[in-house]
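**Student:** Sequence unavailable; structure follows:
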């Protein structure tokens, strides 16, 4: 499950109850997913989807599905706040264009290797010089994308950490929410 609720330990309301200015009850559906340390997470989700709709959605889901749903809602809400027209589709399109560009670069490099292999008189199979891309391993359902230099790098967020909920967005330019480098 997500990070434990601080409302029981320190009598501090979760970010959702604090934002909605209501008392955080022990069985609050928001508490495990919107800790008080991340008020911006709930603020964005509330602004885009509405607290009532999120409550209905979470109540309809099985408890083990809620964390992934909240992370998805938070990512989409952050993307919609930053880019109201395209949302996370803009980030996906950006990544697809980058993959396409890198595939072209790889094809050009392979062509150069073949050309170099044919121009030298070393015996052997020229095909051995060409890089053969391997299929990507399947990733778990909880990836976090971060911008590292000019290319995004997928890192795995440990489940239940309550940490970042998807910090790779093309407009972040390698900076996280607090303004530091990732």
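**Tutor:** In hand now; what should we look at? Here the structure is a predicted model, which means the values were calculated and not measured.
**Student:** Which residue ranges of the chain form strands?
**Tutor:** In the chain, the segments counted as strands under DSSP state E are 143-148, 151-156.
**Student:** how about the helices in this protein?
**Tutor:** 6-9, 15-20, 39-49, 51-60, 63-82, 88-119 (DSSP state H).
**Student:** Residue 29 contacts residue 56, doesn't it?
**Tutor:** No: proximity of residue 29 to residue 56 does not meet the contact threshold set by C-beta atoms under 8 Å, at 10.1 Å. (C-beta placed from N, C-alpha, C; glycine too.)
**Student:** So for those two, which residue has more residues nearby?
**Tutor:** Shown here are residue 29 and residue 56; by other C-beta atoms under 10 Å, residue 29 has more neighbours (17 against 11).
**Student:** Quick check: chain neighbours aside, which residue is closest to the more buried one?
**Tutor:** residue 58 (5.1 Å; C-beta to C-beta, 6 or more residues apart in numbering).
**Student:** count of residues packed around residue 22?
**Tutor:** Residue 22, neighbours per other C-beta under 10 Å, totals 12.
**Student:** Let me know the distance separating it from residue 116.
**Tutor:** Residue 22 is 69 Å from residue 116, where distance means C-beta to C-beta, to the nearest Å.
**Student:** before we move on, what about residue 107?
**Tutor:** Taken as C-beta to C-beta, the span from residue 107 to residue 116 is 15 Å.
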